[in-house]
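K.L.:
Sequence plus predicted model, see below.
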Amino acid sequence: LQVPHAPSQPLAGNESRRFTSKHSKKALKASLTLGILLGMFFVAWLPFFVTNVAQAVCGCVPAGFFDVLTWLGYCNSTMNPIIYPLFMRDFKRAMGKFLPCCRRSAEPRPSAISLSMRNSNSGPRAATSLKNVL
């Protein structure tokens, strides 16, 4: 049983290489970001979980060492908000919309008047219904 292959128009040689190169760079960057995040997660949390199991089995882990490994995991969780903006452009854009300190100077900032009009009951407002919200 063979599936018929529909003929398609091939992209021009230069265009095809550019398309492939652009997507391979994105895939490489995504793989690098994921590798860094997972690597840091395993380096930080795996010793904690192994020690936790060892403590349950033999009770031979000093409390101070266990505390250090717990704080290593906490430090990893603290690093995530730093790592994401460094490697992910979309994350930077989303954070820039919500945090004024992360906004670029070229982005328009809402004026205080427009914010107060939006938050007050004065001024024109469309009827709010479930259909408009969704």
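P.N.:
Received it, and whenever you're ready, just let me know what you need.
K.L.:
after the longest helix along the chain comes which helix or strand?
P.N.:
In the chain, assigned by DSSP state H, the helix with the most residues is helix 13-58. Note on helix 13-58: by DSSP states H and E, the next helix or strand toward the C-terminus is helix 63-87.
K.L.:
what packs against that next one?
P.N.:
Judged by 3 or more CB pairs under 8 Å, 6 or more residues apart in numbering; DSSP states H and E, the packing partners of helix 63-87 are helix 13-58, helix 89-98. Bear in mind the C-beta positions are built from the backbone N, C-alpha and C, glycine included.
K.L.:
Hey, what's the angle from it to helix 89-98? Just curious.
P.N.:
90 degrees (axes from the mean of the first three to the mean of the last three CA atoms, to 10 degrees).
K.L.:
Now helix 63-87: buried residues?
P.N.:
Going by neighbour count (16 or more other CB atoms under 10 Å), the buried part of helix 63-87 is Leu69, Gly73, Asn76, Tyr84.
K.L.:
residues in contact with it?
P.N.:
For helix 63-87, the external contacting residues (CB atoms under 8 Å, 6 or more residues apart in numbering) are 29, 32-33, 36-37, 40-41, 43-45, 47-48, 51-52, 55, 91-92, 95, 102.
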